[in-house]
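Chemist: The following comprises the amino acid sequence and a computationally predicted model.
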Amino acid sequence: MSDSEAGADPTADTVDGNSSIRRVSDWDADRLAELAAEHGTPLYVQDLDRVRENCERLRGAFPDADVRYAVKAHTGRRVLEAVRESGLDAECASAGEVDRALAAGFGGDRLHYTAVNPPARDLDYVAGVAEAEPDLTITVGAVDTLDRLAERGYDGRVCVRVNPGVGAGHHEKVRTGGAAKFGIPYDRAAAAAREAAERFDVVGVHAHAGSGIDSDQLDSHRELVARMGELARELADPSDDEAPVDIESVDVGGGFGVPYKEDAPALDLPAVADATREAVAPLPAGVDLAIEPGRYVVADAGVLLTRVNTVKPTPDERVVGVDAGMTDLLRPAMYDAYHPIRNLGGGRAEDGSDAPAPDARSATPVTVAGPICETGDTLCRNRALADPTRGDLLAVGIAGAYGYEMANQYNSRPRPAEVALDDGTATVARRRESLADLTAVERGATRNRADRTDRTDRTGAGR
Ligand SMILES: *Cc1c(COP(=O)(O)O)cnc(C)c1O
């Protein structure tokens, strides 16, 4: 792209033009400015070509593994279709995600539903789907959940989620490997899988340590993978006189990290793949490795564009007010996440003339704050940016994963629009919400009476 030379990253390894990271500096500034002018801000831009490149790089690094896209990172229809066409399966965390994956063309044989304390409504729905799509796999992390599936007449494909006792992740809130909430404790997993095999078709074991595996955390990843390989061997060839369980795959989860900071190196995917293969080996005959990347597939394929509307010098900091806040991109407020921000310019100087191009301005520490009445509603604090003026367009980078997905309507803010770029052509993938969208569910509601509330609760109770 136009100014990729300027932002070229010496640490990025590029194979056939497929770089391991697209930085916010690599995006074509003029194109982004055009899109903002046409569609307004805040605006997500998601490049499907980059999504495809990321899928290709994953499949290249893990040629023998089953690669399952963790849909929750970005559930947009166009993204799901691009991922499906790139040959990845779909890993879904809810009935809603299963519904969306089906609508995007994933057949049951490419659908994996991971049930975490699944609400009855979700189990009812997925058990119903499984009647038409018997190749669907349900990953289960509690014996209780198996019982609830059996109550619904389900006896199909089950994968046993294991709590490996090791966790990784960029923030405590996304570390799942050690949290009791997720999976059956490791030392009970083999027995649980054997018992499950009496009622279900047990096809795999699964563990997900958390999000944000980087080269520093390869050790805990390696440990998790090694434990899972051991479990697969124990199931295939039990050390006591238990019956073997014939599984098809060992799923070692997602969490492949993406460098949010401009100077952080890209994940060395081939090294992670080598470490994974080495740690899991030797797998019993007929058992494949599986991985579940979410963020890695979509993060650097997306930017959030936002317009500067207020510049306020204060004694402590220079506050730059923008039209995107924590309702559009929650990660900084929720995880203290860092997102790179680039000033694309286009604003006015104080005398009303066009402000100079951003690279002709001095780097000034600023706090970029959104329109929400919350102190935590900042996209960055005291970060050096090409001094923003009113009207400037800012690009918030690496926003394609858990960006739009976590957008919400707090402060009665309609959710932003999203355009998809496909071979350079932009189309609106999700329209901007209107004020009418904010009250749509209220207008459709009848008066809330106590007896009605009870009935609603019962609807979800299932069979
Ligand atoms: C969220 C999640 C993933 C994907 O995590 P990323 O950090 O986005 O790669 C994979 N598997 C499970 C079970 C998850 O909950």
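Modeler: Noted; the coordinates are in hand.
Chemist: Count the neighbours of residue 159 for me.
Modeler: 27 (other C-beta atoms under 10 Å). (Each C-beta comes from the backbone N, C-alpha and C, glycine too.)
Chemist: I should have written residue 432 there, sorry.
Modeler: Neighbour count for residue 432, taken as other C-beta under 10 Å: 16.
Chemist: quick one: contacts for the closest residue in space to it that isn't next to it in sequence?
Modeler: Distances taken as C-beta to C-beta, 6 or more residues apart in numbering place residue 417 nearest to residue 432, at 3.7 Å, with adjacent residues excluded. Residues near residue 417 by C-beta atoms under 8 Å, 6 or more residues apart in numbering: 39, 40, 43, 44, 428, 430, 431, 432.
Chemist: and if you look at residue 407?
Modeler: 327, 328, 329, 330, 415, 416.
Chemist: Of the residues you listed, which is the most crowded?
Modeler: residue 328 (28 neighbours).
Chemist: That one - that's part of a helix, no?
Modeler: No. Residue 328: not assigned to a helix; according to DSSP: H, G, I helix; E, B strand; the rest coil it is coil.
Chemist: In contact with it, which residues are there?
Modeler: 42, 304, 306, 370, 403, 407, 413, 415, 416.
Chemist: got a pLDDT number for the fourth one?
Modeler: As summarised for this prediction, residue 370 has a pLDDT of 98.
Chemist: what number of residues lie near it?
Modeler: Other residues close to residue 370 by other C-beta under 10 Å number 25.
Chemist: Settle this for me: it is touching residue 378, isn't it.
Modeler: Yes. Using C-beta atoms under 8 Å, residue 370 is in contact with residue 378, at 7.2 Å.
Chemist: Just want the phi and psi numbers for whichever residue of the stretch 301-450 of the chain sits closest to the ligand.
Modeler: In the stretch 301-450 of the chain, no residue comes nearer to the ligand than residue 401, which is 6.1 Å away by C-beta to the nearest ligand atom. Reported as degrees, to the nearest 10, the phi and psi values for residue 401 are phi -110, psi 130.
Chemist: And the longest helix that the chain contains, what's buried?
Modeler: The longest helix of the chain (DSSP state H) is helix 218-236. Under the neighbour-count criterion of 16 or more other C-beta atoms under 10 Å, helix 218-236 has 218, 220-229, 231-236 buried.
Chemist: Can you name the element that comes right after that helix?
Modeler: The helix or strand immediately downstream of helix 218-236 is strand 249-251, counting by DSSP states H and E.
Chemist: Near the ligand, which residues of the chain are found?
Modeler: Residues of the chain lying close to the ligand (C-beta under 6 Å from any ligand atom) are 70, 72-73, 91, 93, 114, 208, 211, 253-256, 292-296.
Chemist: From residue 385, how far off is residue 331?
Modeler: 19 Å (C-beta to C-beta, to the nearest Å).
Chemist: Correction: the previous question concerned residue 242.
Modeler: Distance of residue 242 to residue 385, given as C-beta to C-beta: 61 Å.
Chemist: same thing with residue 318?
Modeler: For residue 318, the distance to residue 385 - C-beta to C-beta - is 10 Å.
Chemist: same deal with residue 305?
Modeler: Distance, residue 305 to residue 385, using C-beta to C-beta: 15 Å.
Chemist: The two - which one has more neighbours?
Modeler: residue 305 (27 against 20).
Chemist: Dihedrals phi and psi, the closest residue to residue 213 other than its chain neighbours?
Modeler: Nearest non-adjacent residue to residue 213, counting by C-beta to C-beta, 6+ apart: residue 255, 4.4 Å away. Dihedral angles phi and psi of residue 255 (degrees, to the nearest 10) take the values phi 90, psi 10.
Chemist: If I follow the layout properly, residue 255 ends up in contact with residue 207?
Modeler: No. With contact defined as C-beta under 8 Å, residue 255 does not count as touching residue 207 (10.6 Å).
Chemist: quick one, which of these two is more surrounded?
Modeler: residue 255 (30 against 27).
Chemist: I'd like to know how far the more buried one sits from residue 214.
Modeler: Distance of residue 255 to residue 214, given as C-beta to C-beta: 9 Å.
Chemist: the helices in the stretch 351-463 of the chain, which residues?
Modeler: 435-443, 450-459 (DSSP state H, counting those that start in this stretch).
Chemist: which neighbours do residue 318 and residue 385 share?
Modeler: With contacts taken as C-beta under 8 Å, 6+ apart, the residues that reach both residue 318 and residue 385 are 364, 366.
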